[in-house]
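Student: Got a predicted structure here, sequence first:
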Amino acid sequence: MQMDLKQTSPKPTEEDKTLDQTLRPKIWEEYVGQEKVKRNLRVIIEAAKKRKEPVEHLLFYGGTGLGKTTLSYIIANEIGVNLRITSGPAIEKAGDLAAILTNLSEGDVLFIDECHRINKICEELLYPAMEDYKLNLILGRGPMANTMEIKIPRFTFIGATTRIALLSSPLRSRFGATFQLDFYEIEDIERIIQRSSRILGVQTTPDAIKIIAKRSRFTPRVANRLLKRVRDFAQVEGKGEITKEIVESALGFLEIDEEGLESGDRRILEVIIKKFEGGPAGLQALAAATSEEEDTILEIYEPYLMQLGFIERTPRGRTATKLAYQHLGMKYPGQNALL
């Protein structure tokens, strides 16, 4: 049976698209967290404005739901240009990329999510586009093939990836600046929930905000999703106000524990502990034992479990820590002889 993280998955759902449009910050002052990244970006943007040049190409990497797309919206808004959004898997052939680039206006921002998944042929077309603002297309095949050079408007390419190690060196080297987005501090998540509560027009007590923040996996998208879920419970089972009691009841019903773990997370830990005697467990073996895809373990489960200190990576695989045993109420066997 395939596991589903339901409420705490940082990956966007169809429902999240509407929620993101409502709650997404539009200016720097509304964007909470990632202070170092914001400071550097503001300097880069102001310098480009003074030179009257497009902002240099930027690369954002980090976990899903940490604000890479939102930063792109703010950058485009600050510059006063259009933002064109697509994803690596959506660019299947050279014609797709050519259509996108030739429809840009001067100074526009092109945001490509999951840029590590861009087709290799299309990636090579990006190199002259990023450096010289030119497209070199090959028309026809064999001896009759011709090369056509197309000038394109100067633009800013913002790439986003959750797997920077899979990004090719030639592409990575063409970005002017690279920024890593980290998990948020609890205090920042609380401020995000406070802002979202005001926008949604729902009364939320300080204790309730703290509980939601602690179970939000240090991720704004998850925090906003949980807030919306709890708001539904408050309207149906309470008086509309989100209180500590309402939050605990709602998150208990959703099976989200005090550390923000759902059944899928606990299943990962239980498999490592019970089937692999605490580990180490290789990624392929763990995926097979949990009926889950390797990429899902790498991108969804593992980052947060490592952030909590519940699992560790070793050269031989994943191991469960003493904290994981304690969280599941299991007896810790002591030093693992396999380590």
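Tutor: Alright, I've got the coordinates. Quantities reported herein were computed from a predicted structural model and do not represent experimental measurements. Residues are numbered from 1 along each chain as shown.

Student: and the residue nearest to residue 31 when sequence neighbours are not counted, helix, strand or coil?
Tutor: Leaving aside its sequence neighbours, residue 31 sits nearest to residue 25 (C-beta to C-beta, 6 or more residues apart in numbering; 4.3 Å). Just so you know, the C-beta spots here come from the backbone N, C-alpha and C atoms, and that holds for glycine as well. In three-state terms, and counting by DSSP: H, G, I helix; E, B strand; the rest coil, residue 25 is coil.

Student: What's the per-residue pLDDT of residue 25 here?
Tutor: You'll see residue 25 listed with a pLDDT of 91.

Student: Next: the one 10 residues further on.
Tutor: Turning to residue 35, the model gives it a pLDDT of 93.

Student: how deep is it tucked in, by neighbour count?
Tutor: Residues within reach of residue 35, counting by other C-beta atoms under 10 Å, total 11.

Student: got any ranges where the stretch 51-200 of the chain has weak pLDDT?
Tutor: Scanning the stretch 51-200 of the chain for pLDDT under 70 picks out the ranges 138-146.

Student: now the strands for it?
Tutor: Using DSSP state E, counting those that start in this stretch, the strands of the stretch 51-200 of the chain run over 58-62, 83-87, 109-113, 134-139, 146-151, 156-161, 177-181.

Student: What is the distance between the third one and the centre of its chain?
Tutor: Strand 109-113 has its C-alpha centroid displaced from the chain centroid by 14 Å (C-alpha atoms, centre = their mean, to the nearest Å).

Student: and the angle from it to strand 83-87?
Tutor: Relative orientation of strand 109-113 versus strand 83-87 (axes from the mean of the first three to the mean of the last three C-alpha atoms, to 10 degrees): 20 degrees.

Student: Next, the angle from strand 109-113 to strand 156-161.
Tutor: Using the same axes, to 10 degrees: strand 109-113 against strand 156-161 is 10 degrees.

Student: What residues sit buried inside strand 109-113?
Tutor: Across strand 109-113, burial judged by 16 or more other C-beta atoms under 10 Å covers 109, 110, 111, 112, 113.

Student: circling back to that earlier point, what's the most buried one of the strands of the stretch 51-200 of the chain?
Tutor: strand 156-161 (a mean of 25; mean count of other C-beta atoms under 10 Å).

Student: So what are the sheet partners of it and their directions?
Tutor: Neighbouring strands of strand 156-161 in its sheet, by DSSP bridges, are strand 58-62 (parallel), strand 109-113 (parallel).

Student: In a markdown table: these, plus distance to residue 173.
Tutor: Listed next are those as a markdown table, based on distance: least, C-beta to C-beta, whole Å:
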| stretch | distance to residue 173 |
| --- | --- |
| strand 58-62 | 10 |
| strand 109-113 | 17 |
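
Student: Residue 209: which of those is closest?
Tutor: Among the strands paired with strand 156-161, the nearest to residue 209 by C-beta to C-beta is strand 58-62 (24.1 Å).

Student: roughly how far apart are the residue nearest to the spatial centre of the chain and residue 218?
Tutor: Closest to where the C-alpha atoms of the chain average out (C-alpha atoms, centre = their mean) is residue 64, at 1.6 Å. Between residue 64 and residue 218 the distance is 12 Å, computed by C-beta to C-beta, to the nearest Å.

Student: before we move on, what about residue 271?
Tutor: Distance from residue 271 to residue 218, by C-beta to C-beta: 24 Å.

Student: does residue 230 really touch residue 248, like I thought?
Tutor: No - using C-beta atoms under 8 Å as the test, residue 230 is too far from residue 248 to be in contact (9.7 Å).

Student: The two: who's more crowded?
Tutor: Taking other C-beta under 10 Å, residue 230 and residue 248 do not tie; residue 230 has more neighbours (26 against 15).

Student: Would you mind listing the residues in contact with the residue nearest to that one when sequence neighbours are not counted?
Tutor: Spatial nearest neighbour of residue 230, excluding adjacent residues (C-beta to C-beta, 6+ apart): residue 250 at 4.7 Å. With contact set as C-beta atoms under 8 Å, 6 or more residues apart in numbering, residue 250 has these partners: 229, 230, 232, 233, 234.

Student: which ones among the residues you listed are found in helices?
Tutor: 229, 230, 232, 233, 234 (DSSP state H).

Student: what about burial for those, which qualify?
Tutor: 229, 230, 233, 234.

Student: check contacts around the second one.
Tutor: I take that to be residue 230. For residue 230, the contact set (C-beta under 8 Å, 6+ apart) comprises 208, 212, 242, 246, 247, 250, 251.

Student: Could you measure from it over to residue 252?
Tutor: 11 Å.

Student: Surely residue 318 is in a strand?
Tutor: Yes - under three-state DSSP, residue 318 sits within a strand.

Student: who does it bridge with?
Tutor: Here residue 318 sits in beta bridges with residue 281, residue 313, as judged by DSSP bridges.

Student: show me the contacts for it.
Tutor: 272, 279, 280, 281, 282, 283, 286, 302, 311, 312.
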